[in-house]
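Student: Got a sequence here, can you model it:
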Amino acid sequence: MTDSWNAEYLNNREQCIICFQPPKCERAVSAENNDPYSKPQSSLVKRKISDKGGTLITIPLIKHHVTYFPEKIAFVHYECHKKIHGDPPIKLWIQYDEGDPRKFYAMKKERENGQVDTKD
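Tutor: The predicted structure follows:
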């Protein structure tokens, strides 16, 4: 699976590639989150009314870059992402050099702004 940036996705948003579990559901705690008519902070956060009353929200999986060049992305839980970058890191899921993230996001920003860097 790829996107318009030619990124390769190793899995989808339905299951974490680390623990193989689906996105987590949590009970909303604040008054704003308990209002089923309030707008979620992210379009990826899904709300549903639980059978016990109250609102449950689905916490979406996040993108983790396995490599930047070529761009390979895995969807993971935030907790699993912390394990990937933990001490010790899970090197199977970190296959890039130290400066790659900075270089990748600088190039992405240039493309989004319509700027082309001819130096190379």
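
Student: Quick one: mean pLDDT for whichever strand or helix holds A106?
Tutor: Assigned by DSSP states H and E, A106 belongs to helix 100-112. For helix 100-112, mean pLDDT rounds to 93.

Student: Okay, buried residues for the one helix or strand K83 maps to please.
Tutor: For K83, the host element (DSSP H and E) is helix 78-84. By neighbour count on 16 or more other Cβ atoms under 10 Å, the buried set for helix 78-84 is 80-81, 84. The way it works is simple: take the backbone N, C-alpha and C, and place the C-beta from them, glycine included.

Student: ditto for stretch 70-80
Tutor: Those would be 71-77, 80, for stretch 70-80 by 16+ other Cβ under 10 Å.

Student: Max pairwise distance over the residues you listed: which two?
Tutor: E71 and H77 (20.9 Å; Cβ to Cβ).

Student: circling back to that earlier point, what residues does the helix holding K83 touch?
Tutor: Contacts to helix 78-84, defined as Cβ atoms under 8 Å, 6 or more residues apart in numbering, come from residues 16, 18-19, 59, 62, 64, 76, 90, 93-94.

Student: I appreciate the help and will end here.
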